[in-house]
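**Q** From the sequence below, what's the structure:
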Amino acid sequence: MSSIQVYEHERLKVREKGFQNSHLEALQRFHGDRGVPYFSLIHNGVKFSQFVGVLQVGDLTIQVLPKIDKVEGNEDNWNRVLIDMLRQCGLLTADAPSSSSLQLKSNSILELYFELFILECEKLVHQGLVKRYRSNEGNLYSLKGSLQFNKHIQQNLVHAERFYTRHSIYDHNHLFNGILRTTLDVLARINTSSSLSSQIQRLLLRFPETEKIRPTSKLFNQLQFNRKTESYRKALDISELILLNYHPDIQSGNKDVLALMFDMNQLWERWVLRQLRKHSPPDIRVKGQQNKVFWKTPNSSKRLKPDIAIYKKGIEHPILIIDTKWKTPKSGRPSDEDLRQIYAYLKMWKCTKGILLYPGQDEFVSGEYADVEGSVCEQKKVSVLDGNGRLDGDWGIEIQFT
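**A** Down below sits the predicted model:
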């Protein structure tokens, strides 16, 4: 098993960093005619987009890392940044009681998700897997449940010792356990970590056989939790992430693709929103993704949706609009498009202060809109890394809530 690291928006061609033609062919099949948002196809290679995370292609793991400052040899720092961001945004459930025993020395997002899933399953097996009643129909050698007379006559005319019945069975063969079992089967197929292989095999031995599950988004959306099954939620969340992003190689059978990818723009916005809520005073409300109609026709409408709006107690309109941008502004100045976007937000929300928030060093540019009295638009850069190259979990965006 080999692993390579690339950065968002970077190109990767055959024979670079161990990327072979067989890996490219697998990604081409995965891309298909409809395409995927994680990368685009180029001549003899792929070009990654703003999505970061892990692509496992057969025996090759491709880690796609976030990057703002183009400094070579800084991959470990950016890998830690990504893992820390996922944790702080709740996409790696680091607050789960069982996650304290995670091997945090692991550098792979893929292994972290696999390990967290295994720990959740071990906890469920230890406390006892949930049983449920299910309806079953078939031949028995004793009368149990209700006799299905028509089918009994059809199948047992010469078998007087048998009864065709419909009856209930109380066992582990139900949807929740079926999804977990299916996920374990997938992990047994694609896992390349020797430290996790034995744990997966032990779980498979302890897990009951269940009916085959065909995972779909609709299936996961229809899951209903109750007091008994609430403990399954975290394991099923990870199952959903793995199963819906797993693409088996039907053609050759040895180049399965698993894509655990996250939109860096959305991740940056979500992280900033959480940091602001964590550090804001009691009289401040921080809201994300509000929207208002700014243009409409009899059959449709268009909406504006700023990333973050900050309200102060007793004041109707927001005191600050923030638009997060995961990029480095050219020439150190905000673009015309970004300025127009903030301008529209200020007009619609009747706010006088807006901020374009970029990752980077602590510096900003401030200006005013000509036709809005008292309005200020600032371009701020905030540091993502601390002095040790890590994401600062206690970092607060220094904004004056006045």
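**Q** Where does the record place the domain boundaries for the chain?
**A** Following automatic domain parsing, one finds the domains of the chain at 2-128+175-264, 132-171, 280-382.
**Q** I'd like those laid out as CSV, including mean pLDDT, mean neighbour count and distance to L273.
**A** For glycine as for every other residue, the C-beta is placed from the backbone atoms N, C-alpha and C. Below are the domains of the chain laid out as CSV (pLDDT from 0 to 100; neighbours: other CB atoms under 10 Å; distance: least, CB to CB, whole Å):
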stretch, mean pLDDT, mean neighbour count, distance to L273
domain 2-128+175-264, 83, 17, 9
domain 132-171, 72, 12, 39
domain 280-382, 84, 15, 5
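**Q** helix or strand for Y343, which one?
**A** Following DSSP states H and E, one finds Y343 within helix 336-349.
**Q** How about the closest residue to Q290 other than its chain neighbours: which residues does it bridge to?
**A** Of all residues beyond its chain neighbours, the one nearest Q290 is A309 (5.4 Å), with distances taken as CB to CB, 6 or more residues apart in numbering. Residues in a beta bridge with A309, per DSSP bridges, are K287, I321.
**Q** ok, A309 touching I315?
**A** No: in this structure, A309 is not within contact of I315 by CB atoms under 8 Å, at 11.8 Å.
**Q** by contact count, what packs against the helix or strand L86 falls within?
**A** If you go by DSSP H and E, L86 is part of helix 75-88. Secondary-structure packing of helix 75-88 (3 or more CB pairs under 8 Å, 6 or more residues apart in numbering; DSSP states H and E): strand 2-7, strand 60-65, helix 109-127, helix 264-279.
**Q** The helix or strand following the first one packs against which elements?
**A** If you walk from strand 2-7 toward the C-terminus, the next helix or strand you reach (DSSP H and E) is strand 11-13. Packing partners of strand 11-13 (3+ CB pairs under 8 Å, 6+ apart): strand 45-48.
**Q** The strand it packs on - contacts with which helices or strands?
**A** Counting contacts by 3+ CB pairs under 8 Å, 6+ apart, strand 45-48 packs against strand 11-13, helix 21-31, strand 39-42.
**Q** Check which helix or strand the residue sitting furthest away from the middle of the chain maps to.
**A** Taking CA atoms, centre = their mean, the residue of the chain most remote from its mean C-alpha position is V158, at 57.5 Å. If you go by DSSP H and E, V158 is not part of any helix or strand.
**Q** got the contact list for K296?
**A** K302 (CB atoms under 8 Å, 6 or more residues apart in numbering).
**Q** Beta-bridge partners for it, please?
**A** Per DSSP bridges, the residues bridged to K296 are S301.
**Q** Begin at 23 from now on, thanks
**A** All right, first residue 23 from here; so that's K318.
**Q** hang on, isn't E183 packed against N161?
**A** No: applying CB under 8 Å as the test, E183 and N161 come out as separate, 9.8 Å apart.
**Q** Now for the two: what residues contact both?
**A** With CB under 8 Å, 6+ apart, E183 and N161 have no common neighbours.
**Q** Next, format the helices and strands packed on helix 97-110 as CSV and append distance to H196.
**A** Converted to CSV, the helices and strands packed on helix 97-110 look like this (distance: least, CB to CB, whole Å):
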stretch, distance to H196
strand 24-29, 37
strand 82-87, 34
helix 131-149, 13
helix 286-301, 34
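**Q** out of those, nearest to Q110?
**A** Closest approach to Q110 among these (CB to CB): helix 286-301, 6.1 Å.
**Q** how about that closest one: buried residues?
**A** By neighbour count with 16 or more other CB atoms under 10 Å, helix 286-301 contains the buried residues 286, 289-298, 301.
**Q** name the helices or strands packed onto that helix?
**A** By 3+ CB pairs under 8 Å, 6+ apart, helix 286-301 packs against strand 73-79, helix 97-110, strand 306-310, strand 330-334, strand 342-346.
**Q** Apply 7 Å and report the result again.
**A** Applying 3 or more CB pairs under 7 Å, 6 or more residues apart in numbering; DSSP states H and E, one finds that helix 286-301 contacts helix 97-110, strand 306-310, strand 330-334, strand 342-346.
**Q** what would those look like in a markdown table with distance to V28?
**A** Shown next, in a markdown table, are the helices and strands packed on helix 286-301 (distance: least, CB to CB, whole Å):
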| stretch | distance to V28 |
| --- | --- |
| helix 97-110 | 9 |
| strand 306-310 | 30 |
| strand 330-334 | 30 |
| strand 342-346 | 24 |
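**Q** And those: which comes nearest E233?
**A** Nearest to E233 among the helices and strands packed on helix 286-301 is helix 97-110 (32.8 Å), distances taken as CB to CB.
**Q** Now do the closest one against strand 73-79, angle only.
**A** For helix 97-110 against strand 73-79, the angle by axes from the mean of the first three to the mean of the last three CA atoms, to 10 degrees is 110 degrees.
**Q** For stretch 292-300, the averaged confidence score.
**A** On average, the pLDDT along stretch 292-300 is 87.
**Q** where along the stretch 123-272 of the chain do the helices fall?
**A** Assigned by DSSP state H, counting those that start in this stretch, the helices in the stretch 123-272 of the chain fall at 131-149, 171-178, 197-212, 216-228, 239-243, 255-265.
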